[in-house]
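>>> after the sequence you'll find the predicted model.
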Amino acid sequence: MSTSYQQQLERIKNDTGFIAALDQSGGSTPKALRLYGVEESEYNNDDEMFAQVHEMRRRIMTCDCFDSGRVLGAILFEDTMDRQVNDKPTANYLWEDKNIVPFLKVDKGLAEQMDGVQVMKPIPTLDSLLDKAKNYPIFGTKMRSVIHTASASGIEKVVQQQFDVAKQILAKGLMPIVEPEVTINTADKAESETLLKAEILRNLERLDDGQQIMLKLTLPEEAGFYQDLVNHPKVLKVVALSGGYSREEACDKLAQNAGMIASFSRAFTEGLSKSQSDAEFSSTIDASIDKIYSASKG
């Protein structure tokens, strides 16, 4: 285990703060850019689109207020990892200059909906991507599936696939964030969460002693519902996704779930615009960081 991995592990385990999700990729990028004030007419292809989104992320990461006192980690996707911030690879900049722990999104998107869920598409290049990540100070990974209805068989498939991939990631010496998202507008959200928690607990028991994962879960209907996952010895940290809730709603819900911390994407960048002056941009992101940090402290 490398010195930096051990330091990162201690930081995630013991320090206060939240994880910024800066990992929109592929299909979600145009929406993220539109919210930031960049229209699709302003780029002609994927290269130009990703250059625009990297510029947005660079602006966030280099802000003085994006600091290790409140931000524990940041989730990147492969294109961001391959690019530079202040003449350094992005992950090196985050860890060496900011003391912020970098994670890498590794999934290739979602399969078509079946049995009330969307499992992940196969990730045939996962081993080589993980090897590449280890050339940088990447601590862990993130991968997302989606649960649309309270289908016991569907939820079992989602969690089994997540844990199978997590074991592959653990074998490479990286920390997996398992993210089985429950959609916030489903009529049977609470029932889905009951099935999901039982399935996660069952799969945690199958991990080897001494192995740990992280969980990224939709904020639950019932406050404190995931407390036994927060306290589980095989769970390093439970982080919450905003899932379409506004920042206000997401922070209110998070504050009711002791031990969970935020890993927000849209709710984190809400209100940022390309047209803002540096002072306006900094003030907006500082207010966002402050609100999410306070909610993450419970």
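That came through, no problem.

>>> where in the stretch 151-298 of the chain is pLDDT low?
Along the stretch 151-298 of the chain, the model assigns pLDDT under 70 to no residue.

>>> sorry, that was for the stretch 1-150 of the chain
1, 26.

>>> quick one: the strands in the stretch 51-200 of the chain?
Under the criterion DSSP state E, counting those that start in this stretch, strands of the stretch 51-200 of the chain are mapped to 71-76, 84-85, 88-89, 101-105, 117-118, 140-147, 175-182.

>>> distance to Leu219 added to these, as a markdown table?
All C-beta atoms are positioned from the backbone trio N, CA, C, and that covers glycine. Below are these laid out as a markdown table (distance: least, CB to CB, whole Å):
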| stretch | distance to Leu219 |
| --- | --- |
| strand 71-76 | 17 |
| strand 84-85 | 30 |
| strand 88-89 | 33 |
| strand 101-105 | 20 |
| strand 117-118 | 19 |
| strand 140-147 | 14 |
| strand 175-182 | 9 |
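
>>> could you dump those to TSV with mean neighbour count and distance to Ala166?
Putting the strands of the stretch 51-200 of the chain into TSV (neighbours: other CB atoms under 10 Å; distance: least, CB to CB, whole Å) gives the following:
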stretch	mean neighbour count	distance to Ala166
strand 71-76	26	16
strand 84-85	17	28
strand 88-89	16	25
strand 101-105	27	13
strand 117-118	23	17
strand 140-147	24	8
strand 175-182	25	4
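
>>> can you say which of those is nearest to Met56?
In terms of CB to CB, the element of these nearest to Met56 is strand 84-85, at 11.9 Å.

>>> so for Val235, which of the strands of the stretch 51-200 of the chain sits nearest?
Comparing the strands of the stretch 51-200 of the chain against Val235 with CB to CB, the closest turns out to be strand 175-182 (9.5 Å).

>>> got the residue ranges for the helices in the protein?
Using DSSP state H, the helices assigned to the chain run over residues 3-14, 29-35, 46-61, 78-82, 90-92, 98, 126-133, 152-171, 189-205, 227-230, 247-255, 266-269, 278-296.

>>> so which of those helices gets nearest Lys142?
helix 152-171 (9.9 Å).
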